[in-house]
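Novice: Coordinates only, no sequence provided:
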């Protein structure tokens with residue numbers, strides 16, 4: 001026995017997709033939707049019965065499945081590649097080659113749109129998914145050129161219990177800007193030389209979540225080596241973000257060099273999901289041990 005819950009988002013939404021676990025700011029923007037999207041959640045149950053009971057005396061949940069269906073009007077070769085479950089590397093120049101790919105590529109997907117019932121912003125995060133089914137690309141006469149995407153949502157066991165498939169955020173009336181502070185090292189602290197020690201910062205956001213699409217290294221978040229103030233340079237590396245703990249982690253590409261001085265800059269383009277920006281640009285400082 002199964003029951004299905006469908007969530008329709010009728011207003012145009014934007015879809016971003018990336019490698020499994022990728023932050024939104026690192027994902028590929030597939031563009032706007034055509035005709036909204038359909039999110040289906042289907043729990044399955046087993047009925048508890050016995051010969052001496054006339055009716056069903058209980059139920060046991062045996063499975064949870066979910067699927068997302070969305071149509072994209074922006075026909076690009078990279079979009080078609082994603083729809084067919086292929087990486088963007090399948091596109092070379094103006095050519096897409098398809099066939100013989102046995103890999104079920106796991107991805108992370110983000111949808112940003114508007115809930116027509118309330119007029120509030122809605123963000124849907126699919127932690128882990130695979131593009132499945134017959135990918136449909138419409139190139140019919142007198143019709144719009146569209147691609148249809150069918151996605152099976154998987155259980156992400158790296159997430160806490162009850163949070164392993166889908167996250168749906170509806171923006172409330174939050175008007176408080178988020179704040180951020182250095183947590184490792186602390187302000188004016190140190191990292192160890194000749195290591196790739198990570199740097200962490202923690203956001204404070206009581207009502208809504210941080211909009212991960214605004215966390216982009218080299219744009220809204222920068223670690224700058226200011227040892228030589230006449231030749232300041234961006235520190236090579238990458239960021240990741242834990243939406244549960246609101247901790248942002250920077251991992252350098254190379255070992256820290258002794259006595260270097262590093263500034264952290266986070267711009268006011270970083271926002272929460274209610275659209276509130278940091279009140280002021282954040283600037284932090286740390287040094288590398290001698």
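Specialist: Structure's in. What do you need? It should be emphasised that the depicted structure is a prediction, and the values quoted were computed from it without experimental measurement.

Novice: How is this protein partitioned into domains?
Specialist: 5-170, 179-288 (automatic domain parsing).

Novice: Could you list which residues are in contact with the closest residue to residue 252 other than its chain neighbours?
Specialist: Taking CB to CB, 6 or more residues apart in numbering, and ignoring the residues beside it in sequence, residue 252 has residue 237 as its nearest neighbour in space, at 4.2 Å. For the C-beta atoms, the positions are set from N, CA and C on the backbone; glycine is no exception. Taking CB atoms under 8 Å, 6 or more residues apart in numbering, we find residue 237 in contact with 217, 223, 250, 251, 252, 253.

Novice: What of residue 160?
Specialist: residue 244.

Novice: same question, residue 79
Specialist: For residue 79, the contacting residues are 30, 31, 72, 147, by CB under 8 Å, 6+ apart.

Novice: The longest strand seen in the chain pairs with which strands?
Specialist: As assigned by DSSP state E, the longest strand anywhere in the chain is strand 58-72. Partners of strand 58-72 in the sheet, by DSSP bridges, are strand 37-48 (antiparallel), strand 146-153 (antiparallel).

Novice: distance between the helix or strand that it is followed by and the chain's centre?
Specialist: Going down the chain from strand 58-72, the next helix or strand is helix 77-83, by DSSP states H and E. When distances are taken as CA atoms, centre = their mean, to the nearest Å, helix 77-83 is centred 19 Å away from the chain's centroid.

Novice: ok, the residue nearest to residue 252 to residue 197 distance?
Specialist: 11 Å (CB to CB, to the nearest Å).

Novice: From the chain's centroid, how far away is the helix or strand harbouring residue 169?
Specialist: Residue 169 belongs to strand 166-170 when assigned by DSSP H and E. In this view, strand 166-170 has its centroid 11 Å away from the chain centroid, taken as CA atoms, centre = their mean.
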